[in-house]
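Peer 1: Sharing a model prediction with you, sequence too.
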Amino acid sequence: MATYNKITPEIAAQLRAVVGERRFFGKDDVDPNYSHDEMPIYGRYMPDAAVDAETTEEVSAIMKICSANKIPVTCRGAGTGLVGGCVPLAGGLVLCTRRMNKILAYDMDNLAVRLQPGVLLKDLAADALTHGLMYPPDPGEKTATVGGNISTNAGGMRAVKYGVTRDYVLALTVVLADGRVIELGKSVCKTSSGYSLLHLMIGSEGTLGIITEMTMKLIPSPICDVSCLVPFRDVESCIKFVPKIKLANLDPQSIEFMDADIVASSAAFTGSPIFPERVKNEDVGASVLVTFVGSGEDELDQKMIRLGRIAKEADALDVLVVATSSNKKSVWAARSGFLTAIEADTKLIDEMDVVVPVDKIPAFLIHIRSLGEENGIRIRNFGHAGDGNLHIYCCSDDLEEDEFKRRVKIIMDKAYAKCAELEGQVSGEHSIGHAKMVYLRESVGEDVFGLMGEIKKVFDPDCILNPGKVCDVSLTGREGRRQPC
């Protein structure tokens, strides 16, 4: 069981000397939002202090102070996570990188950009476009930081074509637990140069080091795009259609799945039924939203013709083309707002973002729906059909929090067991944090989980970096963790 020291007035003075009075916050001045992320159901834990860092040198100096005094440090960006990953379970110091928000330089010859971790995803995406470039990863939360995306290996709606955040990280500057600064990777297209510590750092959720600068790969911005909504009578036929899109060599940018329930919730929330609930006098059970990009209209026309042909063979109700700029904006805004619609419709939610083989999606969704019915919990779901990543939300409705948590645990235990049975993974893009650590351990087994823990100890022998997350069992047991506030 790890033990940590408090931030004494003397240690606080050292931290103030590094960042200045206006960027150090004592316990009484810490923003209460620093006690939780976007899923407060996983608990609220206040730190003893917080700092806003602005440079690699400051982060290094802060970590040297905390390492020497065994102060736990939780790195935080925008706080948009969904698994309690940036919650300071052990108190200590929250190190916020929100002020490290500069896009430093573009390398147009090598299609790369150098930036700080606090740059927001939406800001990088917009700025890259002004250079005729695109940053392909497209996680749903556009106000997340790029550093946070790297720390969780975020995916998003374009992963089926372009891959996930990991595929666009070329180099990182990282501050280790003891304050040492290391450089990982280079601005090159490939490497076969020893163990890839770069890729080990990606997805480590701030448990191995603190990212202070990164070089990201970009691609030329597509010239044109089109989206098509393909509705079906039921979920099974809808999902069976997804592999046919890939096998037809259509190379979609995204394939998003939505069932009738989430479409109805979205329409009720927005007051505008963007996605049709009936097509050709038949109820829509589920739909896929497919996007293609290309170098010209002729190319996209040919893809849409082929899509229409295989959709007809798959007994789709129709193929609805979303062509105009305003319609595309409305459709994708509605899709991006699914989570907001769910949150607005209930008091509390709990979630999972399992990933299963694409052909196993119907089996998993049927299992989840039956678990919800058995336990009196309303389930909402949507996801990235092209890569099998499903977002499942349990809604509390009128249940009290304790009873809701009791029922949800039953559902989660059985759902993650089913995920393992279907050869899936615990998380496709939201990562592990502390909320899903027990399911990670059950999923990968003791040998693999133990190896993860040994890696953690190599980078952070005193377990001061984001303790209690991913594979760090240093806070196991309530006696080793602060009580939620």
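Peer 2: That came through fine.
Peer 1: if I look at Ile255, how far off is His391?
Peer 2: Here Ile255 is placed at a distance of 14 Å from His391 (C-beta to C-beta, to the nearest Å). (Each C-beta comes from the backbone N, C-alpha and C, glycine too.)
Peer 1: Check Tyr42 too.
Peer 2: Look at Tyr42 and His391: by C-beta to C-beta, they are 16 Å apart.
Peer 1: And for Val230?
Peer 2: Applying C-beta to C-beta, the value for Val230 to His391 is 20 Å.
Peer 1: Same question for Asp138.
Peer 2: In this view, Asp138 and His391 are 15 Å apart by C-beta to C-beta.
Peer 1: where does this structure dip in pLDDT?
Peer 2: Counting by pLDDT under 70, the chain contains low-confidence residues at 476-485.
Peer 1: for it, which helix is longest?
Peer 2: Scanning the chain for the helix with the most residues, using DSSP state H, yields helix 401-421.
Peer 1: Give me the contacts around it.
Peer 2: For helix 401-421, the external contacting residues (C-beta atoms under 8 Å, 6 or more residues apart in numbering) are 41, 348, 350, 352, 354, 356, 364, 367-368, 371-372, 375-377, 392, 394, 396, 399, 425-426, 439, 442-443.
Peer 1: Now do the buried residues in it.
Peer 2: For helix 401-421, burial by neighbour count (16 or more other C-beta atoms under 10 Å) applies to 404-405, 407-408, 411-412, 414-416, 418-420.
Peer 1: and if you look at stretch 20-30?
Peer 2: Across stretch 20-30, burial judged by 16+ other C-beta under 10 Å covers 23-25, 30.
Peer 1: give me every residue that touches the closest residue to Pro252 other than its chain neighbours.
Peer 2: Distances taken as C-beta to C-beta, 6 or more residues apart in numbering place Val290 nearest to Pro252, at 5.1 Å, with adjacent residues excluded. By C-beta under 8 Å, 6+ apart, the contact set of Val290 is 227-230, 245, 252, 254-256, 307.
Peer 1: Glu236 now?
Peer 2: Contacts for Glu236 (C-beta under 8 Å, 6+ apart) come out as Pro362.
Peer 1: And Lys280, by the same measure?
Peer 2: Contacts of Lys280 were listed using C-beta under 8 Å, 6+ apart, and they are 317-318.
Peer 1: Could you measure from it over to Met258?
Peer 2: Separation of Lys280 from Met258 (C-beta to C-beta): 18 Å.
Peer 1: The stretch 201-350 of the chain: helices as residue ranges?
Peer 2: For the stretch 201-350 of the chain, the helices defined by DSSP state H, counting those that start in this stretch occupy 235-247, 260-270, 297-313, 325-336, 338-344.
Peer 1: In CSV, list those helices along with distance to Cys66.
Peer 2: Formatted as CSV, the helices of the stretch 201-350 of the chain follow (distance: least, C-beta to C-beta, whole Å):
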stretch, distance to Cys66
helix 235-247, 47
helix 260-270, 43
helix 297-313, 53
helix 325-336, 37
helix 338-344, 34
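Peer 1: between the ones you listed, which gets nearest to Asp48?
Peer 2: Asp48 lies closest to helix 338-344 among the helices of the stretch 201-350 of the chain, at 30.3 Å (C-beta to C-beta).
Peer 1: roughly how far apart are the most centrally placed residue in the chain and Ile262?
Peer 2: The centroid of the chain falls nearest to His430 when counting by C-alpha atoms, centre = their mean (3.5 Å). Separation of His430 from Ile262 (C-beta to C-beta): 17 Å.
Peer 1: Give me the residues contacting stretch 324-338.
Peer 2: With C-beta under 8 Å, 6+ apart as the test, stretch 324-338 has contacts from 140, 142, 157, 225, 227, 229, 256, 258, 262, 265-266, 269-270, 272, 274-275, 289, 322, 382, 391.
Peer 1: For Glu429, see how far away Gly388 is.
Peer 2: Gly388 sits 11 Å away from Glu429 when distances are taken as C-beta to C-beta.
Peer 1: Likewise for Ile410?
Peer 2: 25 Å.
Peer 1: same check, this time on Leu115
Peer 2: In this view, Leu115 and Glu429 are 21 Å apart by C-beta to C-beta.
Peer 1: which residue packs closest to Gln303, ignoring adjacent ones?
Peer 2: To be clear, residue 303 is Lys; Gln isn't right here. Phe292 is the one closest to Lys303 (C-beta to C-beta, 6+ apart), at 4.8 Å.
Peer 1: What of Phe449?
Peer 2: Arg441 (4.7 Å).
Peer 1: Which helix or strand contains that neighbour?
Peer 2: Using DSSP states H and E, Arg441 maps to helix 437-444.
Peer 1: Could you pull out the buried residues of that helix?
Peer 2: Buried residues in helix 437-444 (16+ other C-beta under 10 Å): 437, 439-441, 443-444.
Peer 1: elements contacting the helix or strand following that helix?
Peer 2: Toward the C-terminus, helix 437-444 is succeeded by helix 446-459 as the next helix or strand (DSSP H and E). Counting contacts by 3 or more C-beta pairs under 8 Å, 6 or more residues apart in numbering; DSSP states H and E, helix 446-459 is packed against helix 437-444.
Peer 1: Now do the helix it packs on: everything it contacts.
Peer 2: 412, 416-417, 419-420, 425-427, 432, 449, 452, 468-471.
Peer 1: same deal with stretch 363-379?
Peer 2: Contacts of stretch 363-379 (C-beta under 8 Å, 6+ apart): 235, 259, 346, 354, 356, 381, 390, 392-397, 399, 404, 407-408, 410-411, 414-415, 418-419, 422, 424.
Peer 1: Send me that stretch as PDB with only the CA atoms.
Peer 2: Below are the C-alpha coordinates for stretch 363-379, written out as PDB (Å, rounded to 0.1, in the frame of the first residue of the first chain):
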ATOM      1  CA  ALA A 363     -24.900 -10.500 -30.100                       C
ATOM      2  CA  PHE A 364     -23.400  -8.000 -27.700                       C
ATOM      3  CA  LEU A 365     -26.200  -5.500 -28.100                       C
ATOM      4  CA  ILE A 366     -28.900  -8.200 -27.600                       C
ATOM      5  CA  HIS A 367     -27.100  -9.400 -24.500                       C
ATOM      6  CA  ILE A 368     -26.900  -5.800 -23.100                       C
ATOM      7  CA  ARG A 369     -30.500  -5.100 -23.800                       C
ATOM      8  CA  SER A 370     -31.600  -8.300 -22.000                       C
ATOM      9  CA  LEU A 371     -29.300  -7.300 -19.000                       C
ATOM     10  CA  GLY A 372     -31.000  -3.900 -18.900                       C
ATOM     11  CA  GLU A 373     -34.500  -5.500 -18.900                       C
ATOM     12  CA  GLU A 374     -33.600  -8.000 -16.200                       C
ATOM     13  CA  ASN A 375     -32.200  -5.300 -13.900                       C
ATOM     14  CA  GLY A 376     -34.700  -2.500 -14.600                       C
ATOM     15  CA  ILE A 377     -32.100  -0.200 -16.200                       C
ATOM     16  CA  ARG A 378     -32.800   1.700 -19.400                       C
ATOM     17  CA  ILE A 379     -29.900   1.200 -21.900                       C
END
